[in-house]
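> return a 3D structure for these sequence lines:
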Amino acid sequence: MRIAILGTGAREHAIARAFLYSGFETIVIPGNDGMKKSGIAIKNVDETLDSLFNATMSFQPDIVVVGPTEYMVLGVVDKLKDEGIKVIGAPSKSAMLEADKVFAKEFMVRHNIPTPRFRIVHTLSQLERALKEFDPPYVIKIPTLQGGKGSFILPTISEALDIGSRVITSGFEGMWSDGLVVEQFVPGEEYAVQVLISSGDYVILPMVWEYQRLYDGGRGPNTGGMGAVAPIRIDDKLFELIKDLVGRTVKAMLKESLAYEGFLYLGVMASPDGVRVLEYNVRLGDPETEAIVPLDSDGFVRMIKDTAFGRLPEKIQPSGVSVAIALVSEGAPYHYTESVIGLPNNTDGIYFDHVREKEGRLIVSGWRPCVVVGSGDTYEEAINRAYKKAKEVVFEGKFYRGDIGKTLL
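Residues are numbered from 1 along each chain as shown. Below you'll find the model as predicted:
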């Protein structure tokens, strides 16, 4: 059976490796040069709708898994489905649940899905009035795809005004709505809830603890992800509340013809006042995927295959614990230093992201060159193995958080 994974990052590397090792003829489009270290075929094409579509069709896949939301917004899922291809991914209309923060908030309100109090603003005067309604810190959300960096938590009203006014004065160029979301900050524990929707039903993947901010202790700018641990233990009562949010969301998606065969991510905040949905993504998280797949690689592959062929998949049966640590370049998440990457002989557990090949060597080509994963029977064992692997990868300006997983010990 032939499977094509669309995307360029560590998430797609982890998915492709699972399928390759399960005996599938596997290709990643466009992929990255680091994936070839795992024996994965890539086809480097431009990230345009026609290029992605044509390269995928030329492979004649039985199943296509679309990784990035950007590709879904372009309409690649719609176009492949029109050709009768079995696709795991959201059509462009459904992708607005992630791409357009205003659309997502209005969707939650229409269906009484709990979410923090918010205001949608279109002008500078509306922004100023809205910010005065909330207490610090201030939450600003931009209605576009920002690779996990479109939400800002700001300590002062002047900083919130600065971020918001820049977007408003730009005329919302490149945005999916001409409005910003100003949201009440809700303290509590945030959970990454990942779901596979299949034939209008769903299964919840193992729960993940994610680390979004650049520095230890949750400090610094928001990033596309600095680390993840899976599975995590939560009490039964909280899990039932989370399941209710998922069920209400999927039911609402069916009602509005937004359901699809593919993954849905809910950022859920649990506080003493209850649970609320902070955001939706129409894709698997990264590096959450790299932490989940090793728990039950065969089960993960089987789950996607069942969904593609219209069967309700069985849940993943996690074995042990996985810890994923992002190795980033100096200046992350906005800048990077180009340098040669030194690798150990054994690259198992290293998933490549922003890299390219030059004269037979891998070069850093973006802020997050790779994600390393350690697995074990216990949190402590998995953490130690992940940090050991992190030390074995060498490049100029390498940085990683020192507290991934340790908050769970």
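
> tell me who's in contact with Glu133.
Arg119 (C-beta atoms under 8 Å, 6 or more residues apart in numbering). Backbone N, C-alpha and C define where each C-beta goes, glycine included.

> repeat the analysis, applying 10 Å as the threshold.
Residues near Glu133 by C-beta atoms under 10 Å, 6 or more residues apart in numbering: 117-119, 182, 184.

> also Val64?
Contact partners of Val64, counting by C-beta under 10 Å, 6+ apart, are 2-6, 29, 52, 56-57, 76-77, 80-81, 85-89, 308.

> mark which of those residues are part of strands, please.
2-6, 29, 86-88 (DSSP state E).

> now the residues you listed in a markdown table, with neighbour count?
As requested, the ones in strands among the contacts of Val64 are exported to a markdown table (neighbours: other C-beta atoms under 10 Å):
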| residue | neighbour count |
| --- | --- |
| Arg2 | 14 |
| Ile3 | 26 |
| Ala4 | 29 |
| Ile5 | 31 |
| Leu6 | 28 |
| Ile29 | 28 |
| Lys86 | 19 |
| Val87 | 26 |
| Ile88 | 28 |
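
> tell me the one of those residues nearest Glu357?
Set against Glu357, the nearest of those by C-beta to C-beta is Ile29 (16.9 Å).

> hang on, the closest one packs against Ile40?
No - using C-beta atoms under 10 Å, Ile29 is not in contact with Ile40; the gap is 11.1 Å.

> any common contacting residues for these two?
5, 12.

> where does the chain have low pLDDT?
Residues of the chain that meet the criterion pLDDT under 70 lie in 146-149, 172-176.

> and with 90 instead?
Low-confidence segments of the chain, defined by pLDDT under 90, are located at 142-152, 163, 166-179, 199-200, 221-222, 224, 273, 312, 314, 407-409.

> how about Ile350, what does it touch?
Ile350 neighbours (C-beta under 10 Å, 6+ apart): 10, 13, 34, 37-38, 290, 327, 341, 343-344, 369-373, 389-390, 392-393.

> ok, now how distant is it from Arg233?
Using C-beta to C-beta, to the nearest Å, Ile350 is found at 27 Å from Arg233.

> and for the nearest residue to Gly310 once chain neighbours are set aside, the neighbour number?
Among residues not flanking Gly310 along the chain, Ser199 sits closest, at 5.9 Å (C-beta to C-beta, 6 or more residues apart in numbering). Neighbours of Ser199 under the rule other C-beta atoms under 10 Å: 13.

> so Lys391 makes contact with Lys398?
Yes - at 9.5 Å, Lys391 and Lys398 qualify as touching, with contact defined as C-beta under 10 Å.

> the more surrounded of the two?
Looking at Lys391 and Lys398 with other C-beta under 10 Å, you find the greater number of neighbours at Lys398, namely 20 against 11.

> show me what the nearest residue to that one once chain neighbours are set aside bridges to in the sheet.
Spatial nearest neighbour of Lys398, excluding adjacent residues (C-beta to C-beta, 6+ apart): Leu327 at 5.8 Å. Beta-bridge pairing of Leu327 under DSSP bridges involves Cys370.

> about what we covered before: hmm, the residue nearest to Gly310 is touching Arg311, no?
Yes - Ser199 is in contact with Arg311 according to C-beta under 10 Å; the separation is 7.8 Å.

> now do the strands in the stretch 251-400 of the chain.
262-271, 274-281, 321-327, 350-352, 355-358, 361-364, 370-376 (DSSP state E, counting those that start in this stretch).

> of all those strands, which lies closest to Gly220?
Gly220 lies closest, by C-beta to C-beta, to one member of the strands of the stretch 251-400 of the chain: strand 321-327, at 13.1 Å.

> dump the closest one to PDB, keeping only the CA atoms.
The C-alpha trace of strand 321-327 is given here as PDB (Å, rounded to 0.1, in the frame of the first residue of the first chain):
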ATOM      1  CA  VAL A 321       6.400   7.100  28.100                       C
ATOM      2  CA  SER A 322       7.900   9.400  25.400                       C
ATOM      3  CA  VAL A 323       9.500  12.800  25.900                       C
ATOM      4  CA  ALA A 324      10.100  15.100  22.900                       C
ATOM      5  CA  ILE A 325      12.600  18.000  23.100                       C
ATOM      6  CA  ALA A 326      12.900  20.600  20.400                       C
ATOM      7  CA  LEU A 327      16.400  21.700  19.600                       C
END
